[in-house]
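K.L.:
any chance you can model this:
(2 chains)
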Amino acid sequence: MEALQISAMTLACAAGKGIGALRPALAEGRSGLRANDYPGCELETWIGRVDGVEDIVLEDDLARFQCRNNQLAAIALDLDGFRESAAELLERHRPERIACVVGTSTAGISSTERAFRELDAQGAFRPEHVMPWVHTPHTSAAFVAAALGLAGPVQTVSTACSSSAKVFATAARLIETGFADAAVVGGVDSLCLSVLYGFHSLELVSPDPCRPFDRSRTGLNLGEAAGFAILERESKHALGRLLGWGETSDAHHMASPHPEGEGAITAMRQALDRAGLPPEAIGYVNCHGTATPMNDRIETAALRTVFGDPPPASSTKAWTGHTLGAAGITEAVFSLMALADGYLPASLNCSVPEPGAADFILRDGRRERVGAVMSNSFGFGGSNCTLVLGAA
Amino acid sequence: MKITLRTLGCGVSAPGLPDLESLSHALAGKDPGTEMPGAAGISLLSPRERRRCPATVKLSMAAAEQACRAAGVEPDRPDAVFTSGMGDLAISDYMCRTLAETPDLLSPMRFHNSVHNAAAGYWSIGAGARGDVTALSGATDSLVTGLIEAAARVHCDRRPVLLVVYDMLADGPMRAVWQARHPFACAFLLGPAAPGSANLELSPEDGVREDDCPPLPSALAERVADNPAARALHLLALVSGHHDAPLRLAAAQGPGLRIARRT
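P.N.:
Sure thing, here's the model as predicted:
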């Protein structure tokens, strides 16, 4: 495939707002997790909550999008010069030629939860909750397109935890086909009772800070994040390149991964094939690494199958929590930072690694310049997406 | 730009419209009625799974299976694009009510079925499809979203793609934001254009804010007005040869689509 340039990126998550804040947080092992203080949730766990989301007010035409997901998206758009980069993109291309593809799983559901808590005496939404642009999975892509003035195809990908990795593939197809010349891609998921109590009901939530790939890991922590990137054919100041992707299904179970990681293995191999790279060319893997006992064991085995001798790898979820529909973009940004900075982040909170992963899971960060990296995202419904990204 | 695709097979599943035969009667002017299609036509789920799976799965899977059968394509082969504006409204209602009242009693199965890609996931499991099965939303324009994605996949990968379009009704407070009274699902197995066959030519058009399509019999026009997924009836009518004139499908944001038949 023809590699696409990534000409801008931004990320807001619990570990920091913006690349400038995240770089030292990764280097110094400063996690963004905190004891659960999400309003209305009594669960004993840790969460990756972004400060100040509640304070964001969306004004004028954007008021119809007011919800936690879009407030968080607005924070990210204001970071890392992203709005300026989007404005420059609009100078190079007509708005009709710029696609907007955003992944989300939670979308505006925290607002829907609230509307149901505050039903009127007839059991209907109160007028202030009648917000058709909020109570739909499509809210985030629609908001970002409206906020940036993009008029190309506007699409929401909602495949649980692989959503915002798949946006890179969707956007690349739109560009290759000619529906667009460039794309703003990204992902947004925000904390809500649905995911906190939902993952709790599945007994996947840890009462402690999560420990991806550690032998004594006890489950995941939930987090929230918003991140975006600009994809185009040519860029004078590229931060990295999209070299390949793989998209597969487990065809196994709605909530449990395939026991041998078959879908994950195929996704990684497809991504390498599309990039035209042998496994040895990958210098770092940002793993899905949720810190559930099952995910990390199966992903370890899958990496062993694909690589034989896997490159240095880590999960960054102990910094951010599992940001679900935003995990793909969050970890794509971390992967691009690894390429640009020559710094491979540790698998924070992993002191005694999973048997079979001890030789490649990074317990400490490492200064090493690499040419290509891989990022894995696996979701409910057996949806797998692997990205291969290259240095600029 | 233009993309030319071939329609290899179609399917439909909606009240009174359990298959293409009932649709052709409705296109001829017969009132389809509102009897819900049964799940008997779904061969890819066991009887137990058919009873337990969400309504979105039953409806979308029936249409998807018809499209594969009509095309003579094994259902595990094509990549698939599921597109829905609202996903499973009954599960959203259950989730939000339970979280408001007794969050500790939330059902783990209903939670994992609440993801927007539940219908896509069940399809992959039932069909044994290990390729990509994605799930999109474009709110009321999810049909356009899905067509653009499916067309792009056929163009890039040069192999058939299954497009499944569905939306349910809101039977609770969500009616305030989604007024559909009838569910609707349909499916198209789309492949690269082939000379000598009936092809569809898709081209994006900027600024199409209202559908502009040849008229449908009143019972079907009411479905189109009722549920945004049923806007696909215009496309089913075009593909079936009910009318010849091109369609213009609108989008609130981004381009609409002009779709014409080419032989």
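
K.L.:
going by C-alpha atoms from here, please, whenever you check contacts or count neighbours.
P.N.:
OK.

K.L.:
ok, residue 214 - contacts?
P.N.:
No chain specified, so I'll use chain A. Contacts for residue A:214 (Cα atoms under 8 Å, 6 or more residues apart in numbering or on different chains) come out as A:291, A:349-354.

K.L.:
I was after chain B.
P.N.:
Counting by Cα under 8 Å, 6+ apart, residue B:214 has contacts B:234, B:243, B:245-247.

K.L.:
mind putting the contacts of residue A:214 in JSON lines, pLDDT, neighbour count and distance to chain B included?
P.N.:
Output for the contacts of residue A:214, formatted as JSON lines (pLDDT from 0 to 100; neighbours: other Cα atoms under 10 Å in any protein chain shown; distance: Cα to the nearest Cα, whole Å):
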{"residue": "A:291", "pLDDT": "98", "neighbour count": "31", "distance to chain B": "18"}
{"residue": "A:349", "pLDDT": "98", "neighbour count": "23", "distance to chain B": "28"}
{"residue": "A:350", "pLDDT": "98", "neighbour count": "24", "distance to chain B": "28"}
{"residue": "A:351", "pLDDT": "96", "neighbour count": "17", "distance to chain B": "31"}
{"residue": "A:352", "pLDDT": "97", "neighbour count": "16", "distance to chain B": "31"}
{"residue": "A:353", "pLDDT": "96", "neighbour count": "22", "distance to chain B": "29"}
{"residue": "A:354", "pLDDT": "92", "neighbour count": "20", "distance to chain B": "27"}
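
K.L.:
can you tell me which of those end up in helices?
P.N.:
Per DSSP state H, helices hold no members of the contacts of residue A:214.

K.L.:
hmm, back to that, just the ones in strands from the contacts of residue B:214, please.
P.N.:
If you go by DSSP state E, those have residue B:247 in strands.

K.L.:
intersect the contacts of residue B:214 with the contacts of chain A.
P.N.:
On the criterion Cα under 8 Å from any Cα of the partner chain, none of the entries of those sits beside chain A.

K.L.:
filter the contacts of residue B:214 down to the buried ones and hand me the ChimeraX line.
P.N.:
Provided next is the ChimeraX selection string for whichever of the contacts of residue B:214 are buried by 16 or more other Cα atoms under 10 Å in any protein chain shown:
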select /B:234,243,246,247
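
K.L.:
residues in contact with the residue positioned nearest the centre of chain A?
P.N.:
The centroid of chain A falls nearest to residue A:327 when counting by Cα atoms, centre = their mean (2.3 Å). Contact analysis of residue A:327 by Cα under 8 Å, 6+ apart lists A:161-162, A:164-165, A:187, A:225, A:377.

K.L.:
any idea which helix or strand comes after the helix or strand harbouring it?
P.N.:
Counting by DSSP states H and E, the element that carries residue A:327 is helix A:327-341. Using DSSP H and E, the helix or strand that directly follows helix A:327-341 along the chain is strand A:343-344.

K.L.:
what's that next one packed up against?
P.N.:
The elements that strand A:343-344 packs onto, with contact taken as 3 or more Cα pairs under 8 Å, 6 or more residues apart in numbering or on different chains; DSSP states H and E, are strand A:366-367.

K.L.:
for the strand it packs on, which outside residues touch it?
P.N.:
A:342-346.

K.L.:
just give me the neighbour total for residue A:84.
P.N.:
Counted with other Cα atoms under 10 Å in any protein chain shown, the neighbours of residue A:84 add up to 14.

K.L.:
that's a helix at it, yeah?
P.N.:
Yes: counting by DSSP: H, G, I helix; E, B strand; the rest coil, residue A:84 is part of a helix.

K.L.:
how close does it sit to residue A:78?
P.N.:
Residue A:84 sits 9 Å away from residue A:78, going by Cα to Cα, to the nearest Å.

K.L.:
same deal with residue A:23?
P.N.:
Taken as Cα to Cα, the span from residue A:23 to residue A:78 is 18 Å.
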